[in-house]
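Engineer: Need a 3D model of the sequence below.
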Amino acid sequence: MDFNYECIECRKCEENCSIFIATGKYSPLEKLKIIDDLRNDLEINDEQIQTIFNCTKCEACESACPQEIPLMDLFDWARHKIQTSFGLRNQKQLYLINNIVNTGNPFGQEESRLKGVPSELLKEKMDYEFKPLKSKILLHLGCMLGYRLHSMRDDVLNLFNLLEIDYTLLRDENCCGYFIWNTGDHKTARDIIQKNSEVFDQYDKIICACAGCYTFFKEHYPHNEKFYHSIEIIDKTLMKFKEEGRLDSKMLNEIRGKSMVFHDSCHLTRPHNIIMAPRRTMSCIGINSKEYSRSGIGGLCCGADGGLRIVNPELAVKIGIDRVKEAKEMESDVILTLCPFCIFNFRDATSEEEIVEVKSLYYYIHKYLKLNLKKK
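Structural biologist: Down below sits the predicted model:
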């Protein structure tokens, strides 16, 4: 780890940190001071450990830093240093790691993540050891879609089929390792990376439906040039269908009279600049969405990621409530997003007093295609 950086304490990081904005504590600046102690092998207390892990790793601080300090790398280093020096003290983290190692997913589910998928969606899309590959393009669903957001999973599969996107699915898809990496147990995470990479080697392209999986693949897996997020593929294919005259322009009843705001996934914007693709897609299917006061590269986090929902679920939901309240202040009926972590956290953050619908953009793309796709 390169520690050759100079923090000028301008506090730009704090101005962009969703956690600091919500609490007035746990800022990136505080974390850097704790990292100095860790570098010098000084003892740190439980509160300082909590400060290191109270982070969604949304990259807003790093993006805003005028000194270009590699804050995400430093925070990852600090988590790993804590894990190797003091061990993991959070029982939920230990439970999660054990589940992934033993079952291939953080929830400890023994059944396939494709359980319940209608058979017509899986026809000709499964790879088996005793059959040759049907496609050199893999669609990776991720643990959240596979085990927690089945309707989102099925919307992705349906719209891929409607758009005639070539892909195959793994019967025994494994966790990407991102959950484990966030605990600081990088050795176990690298074991998962190695195991998955051996499977991925046989594919030319891997399309990721989960934003968290996508950014972890891009940043930690070999041959990262062959990983794509699904909205990149959907956007290009929709534009192609539109140019070919294969799409009608009937308005969806589901969007008629509804005010919608789009929430960017931190995993897609700052690290990979995937900002315009979802907006072009929304425009194509007739959604005129509002923008948060801070969106795109400068967007605020939903509160869910970086392992925060594991170590501090109350804080994660508190940050989510802030985004929901802003949506209501804008008189929005629906929050749209592409990220399963965002959807899960926003739904937990939605209270009876702040009722707003939380929807995957995939849902509306699927509905639009069923209504407007012309038969050949």
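
Engineer: got the contact list for Leu121?
Structural biologist: 154, 157-158, 161 (CB atoms under 8 Å, 6 or more residues apart in numbering). Quick note: C-beta positions are derived from backbone N, CA and C, even for glycine.

Engineer: How about Val311?
Structural biologist: Val311 makes contact with 50, 53-54, 90, 92-93, according to CB under 8 Å, 6+ apart.

Engineer: next one: Asn273
Structural biologist: Applying CB under 8 Å, 6+ apart, the residues near Asn273 are Ile297.

Engineer: Would you list the buried entries among the contacts of Val311?
Structural biologist: Buried by 16 or more other CB atoms under 10 Å: 53-54, 90, 93, out of those.

Engineer: on that earlier part again, how about the contacts of Leu121 in a markdown table, adding pLDDT and neighbour count?
Structural biologist: Shown next, in a markdown table, are the contacts of Leu121 (pLDDT from 0 to 100; neighbours: other CB atoms under 10 Å):
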| residue | pLDDT | neighbour count |
| --- | --- | --- |
| Asp154 | 96 | 18 |
| Leu157 | 96 | 25 |
| Asn158 | 96 | 20 |
| Asn161 | 95 | 16 |
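
Engineer: Let me know the closest of those residues to Leu169.
Structural biologist: Ranked by distance to Leu169 (CB to CB), the contacts of Leu121 are led by Leu157 at 8.2 Å.

Engineer: what element comes up after the helix or strand bottoming out on mean pLDDT in the chain heading to the C-terminus?
Structural biologist: When the helices and strands of the chain are compared on mean pLDDT, DSSP states H and E, strand 126-127 comes out lowest with a mean of 66. Past strand 126-127, further along toward the C-terminus, the next helix or strand under DSSP states H and E is strand 137-140.

Engineer: Mind giving me the packing neighbours of that next one?
Structural biologist: Judged by 3 or more CB pairs under 8 Å, 6 or more residues apart in numbering; DSSP states H and E, the packing partners of strand 137-140 are helix 150-162, strand 169-170, strand 205-208.

Engineer: hey, least reliable of these by pLDDT?
Structural biologist: Across the helices and strands packed on strand 137-140, strand 169-170 has the smallest mean pLDDT, namely a mean of 92.

Engineer: what's that one in contact with?
Structural biologist: By CB under 8 Å, 6+ apart, strand 169-170 touches 114, 122, 125-127, 138-141, 199.

Engineer: picking up where we left off before, can you redo the contacts of Leu121 as CSV with distance to Met260?
Structural biologist: Formatted as CSV, the contacts of Leu121 follow (distance: CB to CB, whole Å):
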residue, distance to Met260
Asp154, 21
Leu157, 23
Asn158, 21
Asn161, 25
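
Engineer: Burial check on the residue nearest to Ser135 when sequence neighbours are not counted, number of neighbours?
Structural biologist: Distances taken as CB to CB, 6 or more residues apart in numbering place Thr168 nearest to Ser135, at 4.1 Å, with adjacent residues excluded. Residue neighbour count, defined by other CB atoms under 10 Å, stands at 16 for Thr168.

Engineer: Touching, Thr168 and Leu139? I think so.
Structural biologist: Yes. Taking CB atoms under 8 Å as the definition, Thr168 is a contact partner of Leu139 at 7.1 Å.
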